[in-house]
Structure formats: structure tokens, C-alpha cells
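*Asks:* got a predicted structure plus its sequence, pasted below:
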Amino acid sequence: MNQRRRHGGWSGPDRPPWWPETEPFPPSGGGPWARGSGRGGPWGRRRPSMAWRIGCGLVFLVGFGAVLMAAVAWAYAGLSGSGAGVGFVVGLGILLLLVLVIAAGSRWLRGLAEPVDDLVAAARQVELGDYGVQVHERGPREARTLARAFNQMSARLAATERERRGFLADVTHELRTPLAVVRGNVEAIADGVYPADAAHLAPILDATTTLERLVDDLRTVAQAEAGDLELRREPLDVGALVIDAVAGRGADAAVRDVILSADVPEDLPMVEADPVRIAQVIGNLLANALRQTPSHGAVTVSAAPDPSSGGVVVAVRDSGPGFPADLLPRAFDRFAKGTDSPGAGLGLAIARDLVVAHGGTIDARNVADGGAEVRFTLPAGGAPVS
């Protein structure tokens, strides 16, 4: 929408989607949204502040009450025979007392209303897309609490907006490479530069596989972000899952000349978890560890009882260079990866989302004697495996 707020109005040719269908845009004439209508719409004159409106109302009510009380006192004095002078003095005293009450009340109301005016103005800025606006915390305790909550909300909105823009930029970057491979090879085959044989179709197939995997990863991330991850929990033997994952990656480890092993005790407790999702977590951690481990290195996947929670802790340890110092604090962020990593940087982020969805925890660290270790815990459930 090509519009901007300026001098109490809007500029731009587009009608806002919330604009009443029965009203012309831009507003003109004497409608409720017309400039200068005095009805307080967003297109009218600037409305007085809340403190001014409350103060005027209070002055009117109290002033009216003071005049009424003075009149009553005057009448009572006249009827009692004490003379009009006494009634005037009594009425004047009541009026002065009410003036003092008005002054004290106006000061209190101004301290309450001005922070509310700040919040109203800031809310209008948020409505216009300025998500990072902050208000000064002042006034009574309730007003300061409300301002603090608003500042936290706006800061969270601004952070979410930055993450959204960064996410879109990262997705665009990750999609560009495989799409370029597909287009370049297809155009070369169509122009007769390359023959349509297996050797020249293989890069296209690899690129489409990369795209498919990236789409699946993005779908998992989106589901986790929306809280829509479907988990089919059942009693799970994590030790057996670890052994199967290591066996499935054996060929990949052999090609890389990496020693891959599993360390699983016999008395590992059962957990309530989704076997497909936990297998995906272990697979992501294993793929990342194998990718970072040089030839003649080693990767070990271990599972053990977790004394603190009564569940299971799984650790994947490699003998690679470890996480770079600048990457370690954000290892589980989406699209966070090293400069030499061929992946999209979603593996650890998806592992975190899946573990957290199961109620577990996950962390990464560099090992003192070299390499990195990523471990995650799963809550307890069921009986130990014999």
C-alpha cells in the first residue's frame, strides 16, 4: 500500500482495505471522516489530549457542584436569618476548597493521562509499521507497568520483523543455486550443447533432490514455528534408534574414511517420543558431524540415562575442528553455518525444534581435546530396556 501519514492525514492514491465502502477516498465534504469534521476520526483535526479532556470535564463538574453548593449555602443563610454575608463567606470557602481539590486532582490526572497519551501515539506508529517505537516509562506504577509491557511487545515485533526479512533473504539465497544448476543444464541440453545422457542429467537430478530436501526442511521449520508439528508418540527404545542410525550412515562414513561407532548401554530407559522425528534429529546431527570430520577422524554417537530428568541423553561427538567461535552461540539458528558448509544451515535448527517439541533440551559445545559435541535430552517414560 503506497500511503504515508503526513500532517494528520494520508497521502497516496490507494484506498485502505479498512476504509468504509460508503465514504469517498480521500475524504472530503462533511462525512464523519472528513478533514475538519471535528469528530475525531483519523482524517479530522487533531483531538485534544486525554489529560485536557479529563481536566475540562472535571473542572466543569466540580465547578457546577461548587456553584450549586454556594447557592444552597446562601439560601440556607438567608432563611436562617444570619444574613447574606455569612452565606457568601460559606459559599466562597467551599469554592476555594473545591479549587484546591481540582488542582490536586488535575495534577494526578495529568500524571496518569500523559503516559496513556504516549501509548496511544506509539500504538498509532505501530499501526503504520514502525514496530521498534518505544515509550518513556513514567507516571503511576500501573502506567509504568503498561509502558514496560508495550516496549517489550514492540521490541519483540521489531525482532520478528527482522527475522522474517532475514529468513526470506536466506531462503532466496538457498534456492538460487540449485535453480541455476537446473536451468543451466536444461538450457544446454535443449540447445544441443550437452547430450541428454545420464552424465548430464545427474546434476539436474541432484539439484532437484536438494530443492526437495530444502522444501521439506522449510516445511518442518514453519510447522515448528507455528506450533503445528505432528508428533506420534509411543514407547521408544532410543538405543535401538541410535544403532540403526549409525548402521545407516556406515557407507557414508566409509567413503569419507571416518570411523563411526555407537555407545549404547543395555539398561537404557524407554521414552515417550515420535520415532520418525527422533530419527530425523539423530540423522541431522550425524550428517553435520560427518561433514565436519576429516579423513581418519572419528564420530561417536552415545546414549545414556539422564540422572537429572530420568530420561535419556544422546550425544554426537566428532573429531573435527569444532564450531567457530562466532558460530557457536548461534549454532541452532536458522541458516547459521560456516563459510565452507555445503548445507543450508537448517539441520541443527530443525533438530532443536524437534527436541523442544518433545519437551527436551539440546546444546552444543567444543570439546577441549578437539572436535565438537551436540547432545540432547528426552523426557522419561515407560520401563527400562532389558
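*Replies:* Sure thing, it's come through. Numbers count the residues shown, from 1 in each chain.

*Asks:* which residues of the stretch 201-350 of the chain fall in strands?
*Replies:* 234-236, 259-263, 271-273, 298-305, 312-318 (DSSP state E, counting those that start in this stretch).

*Asks:* residue 131 is in contact with residue 161, isn't it?
*Replies:* Yes: in terms of C-beta atoms under 8 Å, residue 131 counts as a neighbour of residue 161; the distance is 5.3 Å. For the C-beta atoms, the positions are set from N, CA and C on the backbone; glycine is no exception.

*Asks:* pretty sure residue 262 contacts residue 314?
*Replies:* No: the criterion here is C-beta under 8 Å, and residue 262 misses it with residue 314 at 10.4 Å.

*Asks:* quick one, which of those two is more surrounded?
*Replies:* Set side by side, residue 262 and residue 314 show more neighbours around residue 314, with 28 against 16, by other C-beta atoms under 10 Å.

*Asks:* for the residue nearest to the more buried one when sequence neighbours are not counted, which residues are in contact?
*Replies:* Setting aside the residues directly before and after it, residue 314 is nearest to residue 303 in space (C-beta to C-beta, 6 or more residues apart in numbering), at 4.9 Å. Residues in contact with residue 303, defined by C-beta atoms under 8 Å, 6 or more residues apart in numbering, are 238, 239, 242, 262, 263, 264, 265, 268, 312, 313, 314, 315.

*Asks:* would you mind listing which of those are buried?
*Replies:* Neighbour-count burial (16 or more other C-beta atoms under 10 Å) applied to the contacts of residue 303 gives 238, 239, 242, 262, 264, 268, 312, 313, 314, 315.

*Asks:* so who does the first one touch?
*Replies:* With C-beta under 8 Å, 6+ apart as the criterion, the residues that contact residue 238 are 268, 271, 273, 278, 303, 312, 314, 378.

*Asks:* try the fifth one
*Replies:* Residues in contact with residue 264, defined by C-beta under 8 Å, 6+ apart, are 239, 242, 243, 302, 303.

*Asks:* and which of these is nearest residue 363?
*Replies:* Using C-beta to C-beta, residue 302 is the member of these that lies nearest residue 363, at 15.0 Å.

*Asks:* and the nearest residue to the closest one once chain neighbours are set aside, what pLDDT?
*Replies:* Using C-beta to C-beta, 6+ apart and skipping the chain neighbours, the partner closest in space to residue 302 is residue 263 (4.0 Å). Model confidence at residue 263, expressed as pLDDT, equals 89.

*Asks:* distance check, the nearest residue to residue 140 once chain neighbours are set aside against residue 118.
*Replies:* Take residue 140 and drop its neighbours on the chain: the residue closest to it by C-beta to C-beta, 6+ apart is residue 112, 5.8 Å away. Noted for residue 112: a distance of 12 Å to residue 118, by C-beta to C-beta, to the nearest Å.

*Asks:* who's more crowded, the two?
*Replies:* Comparing residue 112 with residue 118 by neighbour count (other C-beta under 10 Å), the higher total belongs to residue 118, at 19 against 16.

*Asks:* distance to residue 172 for the strands of the stretch 201-350 of the chain - can I get that in a markdown table?
*Replies:* Rendered in a markdown table, the data for the strands of the stretch 201-350 of the chain read as follows (distance: least, C-beta to C-beta, whole Å):
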| stretch | distance to residue 172 |
| --- | --- |
| strand 234-236 | 38 |
| strand 259-263 | 35 |
| strand 271-273 | 34 |
| strand 298-305 | 33 |
| strand 312-318 | 31 |
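
*Asks:* quick one: closest of those strands to residue 292.
*Replies:* Ranking the strands of the stretch 201-350 of the chain by their distance to residue 292 (criterion: C-beta to C-beta) puts strand 312-318 first, at 5.9 Å.
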